[in-house]
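Undergrad: fold the following and give me the result.
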Amino acid sequence: MNWRRLAAFAAVSLFATAGVAADPPDAKQLQAAISASAELFAKAFTDRDAAALALLFTPEAECIDSDGTVFHGRKAIEAEYAARFAVAPKGAMTIAVTSIRPIAAGVVVEEGVSTFRPAAAEGVASRTRYTALHIHQSDDSWLVASVRELSEPEVSSHDRLQELAWLVGKWREDSGGRSLDTEWTWSEDGNALVSRFTLRGVDPKSRSGTHRVGWDAERKQFRSWVFDADGGAGEGWWARGADGSWSVPMHGVNAAGTRVSSVLTYVRDGVDTLTIAQQQRIVGDESLPAISSRVVRQPPQPTVPAAKK
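TA: Numbering: from 1, shown residues only. The predicted structure follows:
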């Protein structure tokens, strides 16, 4: 069974019985039909099957992207999606239909939001609002006559931060008689990564602070805010290197009010190990040598069985 007949079977054949003309569908039947069509579109997109996707359109359909570019006709639509699939990452699409409105006999307007999540664990999900016009066909199928993207793909701060989600967990660094314990978690609203760190062994008392990473919508970069419990503070913006490392030029003041700066570099070595380097270190007018350390993820604490009563 080809995709067009499958669409007819999954959607509009709900409205007719053999040898009897179909009555106009009620609201529930329309909801089932258009939802089935959306599911077929999402499956074809996820399967990267441009030919199957094009069969969900009428022969003279149009597809208009968020830039206003029009692709007219089933062949042009198939070619456009084939070109997209050739360069886009693999992943899964889901569609949430938010509105279905009949506007004439056999004509329905659908509105919704499509979400695409790349297969890569650190990929960024995107959401796009759209509107589509469905036309009832003589063979009782419903096909898309026009679809328009209403906005550029929208990406939440939480989805963007998936690129840094590997930080979540407890980490420990032991170097030169000191230890640094850091625990990264998601903020309560899920739109930032937050760590609490404690440094021991440098002086009689331990030093602690927090590090918060969020999305800077103006600069289109991740941004760090670091606060030392003694009053020091710093900030910086993250940049990803071609080798997958991350560098963060940090600027701020220490607890004594002296200007300080350095470039932090995070290099992953597998899932549970990091190398963190501090370069271009400056305190006031003094340049300090670069330092580098190996940081390991701490395993979860074993569960202690409850004592028997």
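Undergrad: how about A92: what's its closest non-neighbour residue?
TA: Beyond its immediate neighbours in the sequence, the residue positioned closest to A92 (Cβ to Cβ, 6 or more residues apart in numbering) is T46, lying 4.8 Å away. Glycine gets a C-beta too; all of them are placed from N, C-alpha and C.
Undergrad: so that neighbour versus A86, what's the distance?
TA: For T46, the distance to A86 equals 16 Å [Cβ to Cβ, to the nearest Å].
Undergrad: same thing with V226?
TA: Applying Cβ to Cβ, the value for V226 to A86 is 42 Å.
Undergrad: that older thread, more crowded one of T46 and A86?
TA: Looking at T46 and A86 with other Cβ atoms under 10 Å, you find the greater number of neighbours at T46, namely 16 against 9.
Undergrad: test my guess that that one contacts I95.
TA: No: applying Cβ atoms under 8 Å, one finds T46 not in contact with I95, separated by 10.6 Å.
Undergrad: how far does stretch 200-220 sit from its chain's centre?
TA: Mean C-alpha position of stretch 200-220 versus that of the full chain (Cα atoms, centre = their mean, to the nearest Å) differs by 25 Å.
Undergrad: cool, and stretch 290-297?
TA: That offset, for stretch 290-297, works out to 29 Å (Cα atoms, centre = their mean).
Undergrad: which parts of it are buried?
TA: Judged by neighbour count (16 or more other Cβ atoms under 10 Å), stretch 290-297 contains these buried residues: V295, R297.
Undergrad: how about G176, phi and psi?
TA: Here the main-chain torsion angles of G176 (degrees, to the nearest 10) amount to phi 60, psi 40.
Undergrad: what's the neighbour count on it?
TA: Other residues near G176 number 9, with proximity taken as other Cβ under 10 Å.
Undergrad: what's the longest strand seen in the chain packed up against?
TA: Among all segments of the chain classified by DSSP state E, the strand with the greatest residue count is strand 91-104. Judged by 3 or more Cβ pairs under 8 Å, 6 or more residues apart in numbering; DSSP states H and E, the packing partners of strand 91-104 are helix 27-46, strand 107-118.
Undergrad: just put these in JSON lines and tack on distance to R178 and mean pLDDT.
TA: What follows is those, written out as JSON lines (distance: least, Cβ to Cβ, whole Å; pLDDT from 0 to 100):
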{"stretch": "helix 27-46", "distance to R178": "49", "mean pLDDT": "90"}
{"stretch": "strand 107-118", "distance to R178": "39", "mean pLDDT": "92"}
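Undergrad: would you turn those into CSV with distance to R268?
TA: Compiled in CSV, the helices and strands packed on strand 91-104 are given as follows (distance: least, Cβ to Cβ, whole Å):
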stretch, distance to R268
helix 27-46, 29
strand 107-118, 18
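Undergrad: against F116, how distant is S146?
TA: Where F116 is concerned, S146 sits at a distance of 21 Å (Cβ to Cβ).
Undergrad: where does the protein have low pLDDT?
TA: For the chain, the stretches with pLDDT under 70 are 1-26, 120-123, 152-154, 202-205, 300-309.
Undergrad: outline the domain layout of it.
TA: When the chain is parsed into structural domains using automatic domain parsing, the resulting residue ranges are 3-155, 159-297.
Undergrad: how far does the last one sit from the chain's center?
TA: Using Cα atoms, centre = their mean, the distance from the centre of domain 159-297 to the centre of the chain it belongs to is 23 Å.
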